[in-house]
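1. With the input below, show me the fold.
(2 chains)
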Number of protein chains: 2
Amino acid sequence: MHRRFADLHRRAGWRGGADAFGAAIAVLAGDLCLAWAGQLLGQAGLDAPRRAAAQECFQRMCCEAMAGQYLDMVQQARGPGRVDRALTVARYKTAKYTIERPLHLGGAIAAATPRLLAAYSRFALPLGEAYQLRDDLLGVYGDPAVTGKSTLDDLRDGKSTVLVATAIQRATPAQRTSIDALLGCPGLDEHGAAELRAVLDATGARAAVEEMIAAKTDEALAALHTAPITAAAREALTDLAAIATGRTC
Amino acid sequence: MHRRFADLHRRAGWRGGADAFGAAIAVLAGDLCLAWAGQLLGQAGLDAPRRAAAQECFQRMCCEAMAGQYLDMVQQARGPGRVDRALTVARYKTAKYTIERPLHLGGAIAAATPRLLAAYSRFALPLGEAYQLRDDLLGVYGDPAVTGKSTLDDLRDGKSTVLVATAIQRATPAQRTSIDALLGCPGLDEHGAAELRAVLDATGARAAVEEMIAAKTDEALAALHTAPITAAAREALTDLAAIATGRTC
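-> Below you'll find the predicted structure:
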């Protein structure tokens, strides 16, 4: 979106900076989509109590997503190294927005009990964190042909993931020197990335993150056993957990 | 907001550009305030039909404000010269957001009839345009000590107002040369601004905009005569019209 409007600005020969114009229009388009999403929910034909519950859930989700984005930006600016902070970002930016609140929205629309909504949270939050951890691993060790995701971008951007924070905590002084030299280096090429991947692996961080994914997925699946849901719903959510944390997508 | 967060970034010695960080956080804070506004309306204790009507009005207002902001940005990028485009921006960015939709929101909360809402629109839209036109004049000819508003910024930024568009349409070739040389010039000082003000005045644009304000205010006040409102409400709205279009604020 921002490139398209920057191009329009340039082709038309308008006044001011084309890139700043494109960025500003793209932000505005995002705000418009947010307003439209709220409008669609209001006009979805729900009866009054369900609409009120769904709108309250939607608005909470918006606030949480913005909190998560804020934490992520601060975390990126501060630099990597704190596992707890990276996990908090994963909880607010990914787990709540991608899994917990969508389940709550469906629940609100179907007049779910508080007990069911609480069970969804116990399933969704560890699963969402596991999903983000898998995404972080795939962003470094995945197969771009399968994931459609570069394995260079996160390393070149110096993204403050749980993987990187864990590696920094476990690194020997020599490993730490390599990480500092390569991570977030704008000129990082495939050769440097391979070296950085090997160092992250050698610290034991990759294996530790795999263990965290397994533990969090187990925690999510355990929550399904006591959830007041049908066998079909349990099966669907179990499949969702496998897809969200699997090694190939 | 953006300066405060850029300062925080600089003081803390964080990674990346401090100004870009400040700008991104400020955009996010604006989005958070938008989400909070929707949340407050949802939790205001209205009964279901009034809450639904108020939320629909609020969401329309958000979409319109973003459309107005988009039109304004495109209009600024294109440059001044079209009175009709400047008036469309004034309608969407100012008249609807500042006067029409706030009246409709109050109406929705008080279960207003469609007839009353339509009367509010007939009052609010010309009044809001007149208010923007007055604001444009005060931004060039006002007394900063009274208005708290610089009379240099709009001229230095080359703001595409109805005043400027009218002046360009009426300008002689010599006047047009002066306008092109001075308007939007980043180094414009008080001396150049005084020359530019004199040229805009000499084209007759200032008087023409005063006439538009008077005509639109009359149109707004006329709408009050047939509006299904009490004498006290008519008086309050008449006072509002005087305040919004007066020469000193």
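2. Residue A:138 is in contact with residue A:149, correct?
-> Yes: counting by Cβ atoms under 8 Å, residue A:149 does reach residue A:138; the two are 6.1 Å apart. Backbone N, C-alpha and C define where each C-beta goes, glycine included.
3. more neighbours, those two?
-> Comparing residue A:149 with residue A:138 by other Cβ atoms under 10 Å in any protein chain shown, the one with more neighbours is residue A:138, at 21 against 16.
4. Next one: the closest residue to the more buried one other than its chain neighbours from residue A:246, what distance?
-> Spatial nearest neighbour of residue A:138, excluding adjacent residues (Cβ to Cβ, 6 or more residues apart in numbering or on different chains): residue A:147 at 5.1 Å. Going from residue A:147 to residue A:246 by Cβ to Cβ, to the nearest Å gives 11 Å.
5. Show me which of the two is the more surrounded one.
-> The neighbour count for residue A:147 versus residue A:246, taken as other Cβ under 10 Å, is higher for residue A:147 (15 against 12).
6. what about residue A:228, how many residues close to it?
-> Neighbourhood size, residue A:228 [other Cβ under 10 Å]: 11.
7. Kindly report the same for residue A:40.
-> The number of residues packed near residue A:40 is 11, by other Cβ under 10 Å.
8. That one and residue B:72, how far apart?
-> Computed as Cβ to Cβ, the residue A:40 to residue B:72 distance reads 26 Å.
9. does chain B sit close to the helix or strand hosting residue A:89?
-> For residue A:89, the host element (DSSP states H and E) is helix A:83-89. No: Helix A:83-89 lies out of reach of chain B by Cβ under 8 Å from any Cβ of the partner chain, never closer than 13.4 Å.
10. List phi and psi for residue A:152.
-> Main-chain torsions, residue A:152, degrees, to the nearest 10: phi -110, psi -30.
11. so which helix or strand takes in the closest residue to it other than its chain neighbours?
-> Ranked by Cβ to Cβ, 6+ apart and with sequence neighbours excluded, the top spatial neighbour of residue A:152 is residue A:193, at 5.2 Å. Mapping residue A:193 onto the secondary structure by DSSP H and E places it in helix A:190-202.
12. Contact residues of chain A facing chain B?
-> Checking chain A against chain B by Cβ under 8 Å from any Cβ, the hits are A:9, A:12, A:14-16, A:21, A:24-25, A:27-28, A:31-32, A:34-36, A:38-39, A:42-43, A:48-49, A:51-52, A:55-56, A:59-60, A:62-63, A:66-67, A:69-70, A:73, A:76-79, A:158, A:184.
13. Quick one: low-confidence residue ranges for chain A.
-> Scanning chain A for pLDDT under 70 picks out A:249.
14. Repeat the analysis, applying 50 as the threshold.
-> By pLDDT under 50, chain A contains no weakly predicted segment.
15. Might you report the residue contacts of the residue positioned nearest the centre of chain A?
-> What sits nearest the mean C-alpha location of chain A, by Cα atoms, centre = their mean, is residue A:94, with 3.6 Å. Contacts for residue A:94 (Cβ atoms under 8 Å, 6 or more residues apart in numbering or on different chains) come out as A:68, A:128-129, A:131-132, A:135.
16. biggest helix in chain A by residues?
-> Of all the segments assigned as helix in chain A under DSSP state H, the longest by residue count is helix A:48-78.
17. angle of that helix against helix B:48-78?
-> Relative orientation of helix A:48-78 versus helix B:48-78 (axes from the mean of the first three to the mean of the last three Cα atoms, to 10 degrees): 40 degrees.
18. Who are the packing partners of helix A:48-78?
-> Counting contacts by 3 or more Cβ pairs under 8 Å, 6 or more residues apart in numbering or on different chains; DSSP states H and E, helix A:48-78 is packed against helix A:18-42, helix A:83-89, helix A:101-109, helix B:2-12, helix B:18-42, helix B:48-78.
19. Dump these to TSV, plus distance to residue A:219.
-> Shown next, in TSV, are these (distance: least, Cβ to Cβ, whole Å):
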stretch	distance to residue A:219
helix A:18-42	30
helix A:83-89	13
helix A:101-109	16
helix B:2-12	35
helix B:18-42	30
helix B:48-78	37
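20. Can you tell me how far residue A:202 is from chain B?
-> 25 Å (Cβ to the nearest Cβ, to the nearest Å).
21. Not counting sequence-adjacent ones, nearest residue to that residue?
-> Distance criterion Cβ to Cβ, 6+ apart; nearest residue to residue A:202, sequence neighbours excluded, is residue A:175 at 6.6 Å.
22. Kindly report the same for residue A:227.
-> Going by Cβ to Cβ, 6+ apart, residue A:227 has residue A:119 as its nearest residue, at 3.6 Å.
23. Figure out the helix or strand that that neighbour lives in.
-> helix A:114-141.
24. That helix: which residues count as buried?
-> The neighbour-count check on helix A:114-141 (16 or more other Cβ atoms under 10 Å in any protein chain shown) flags A:116-117, A:119-140 as buried.
25. Show me what it is packed against.
-> Applying 3+ Cβ pairs under 8 Å, 6+ apart, we find helix A:114-141 packed against helix A:101-109, helix A:153-157, helix A:162-170, helix A:190-202, helix A:205-226, helix A:231-245.
26. Quick one: neighbours of residue A:65, just the number.
-> 21.
27. List the contacts of it.
-> By Cβ under 8 Å, 6+ apart, the residues touching residue A:65 are A:92-93, A:96-97.
28. can you rerun that using 10 Å?
-> The contact partners of residue A:65, taken as Cβ atoms under 10 Å, 6 or more residues apart in numbering or on different chains, are A:34, A:92-94, A:96-98, A:101, B:31-32, B:35.
29. now, the most widely separated pair of the residues you listed?
-> Within those, two members stand farthest from each other by Cβ to Cβ: A:98 and B:32, at 19.2 Å.
30. check contacts around residue A:104.
-> A:53-54, A:56-58, A:60-61, A:96, A:112, A:116-117, A:120-121, A:124.
31. What of residue A:171?
-> Contact partners of residue A:171, counting by Cβ under 10 Å, 6+ apart, are A:177-180, A:199-200, A:202-205.
32. Most neighbours among those, please name it.
-> Sorting the contacts of residue A:171 by how many neighbours each has (other Cβ under 10 Å) puts residue A:200 first, at 29 neighbours.
33. which residue packs closest to that one, ignoring adjacent ones?
-> Per Cβ to Cβ, 6+ apart, closest to residue A:200 is residue A:167, 4.6 Å.
34. Does that neighbour touch residue A:180 like I think?
-> No: with contacts counted by Cβ atoms under 10 Å, residue A:167 stays clear of residue A:180, the gap being 11.3 Å.
35. What separation is there between residue A:218 and residue A:201?
-> 24 Å.
36. Could you do residue A:6 as well?
-> Between residue A:6 and residue A:201 the distance is 39 Å, computed by Cβ to Cβ.
37. Of those two, give the one with the bigger neighbour count.
-> Taking neighbours as other Cβ under 10 Å, residue A:6 and residue A:201 compare with residue A:6 leading, 19 against 14.
38. Name the nearest residue to that one, sequence neighbours excluded.
-> Using Cβ to Cβ, 6+ apart, the nearest residue to residue A:6 is residue A:22, at 3.1 Å.
39. and the one you found, what does it touch?
-> A:1-10.
40. And for residue A:59?
-> Residues near residue A:59 by Cβ under 10 Å, 6+ apart: A:38, A:41, B:35-43.
41. Noted, bye for now.
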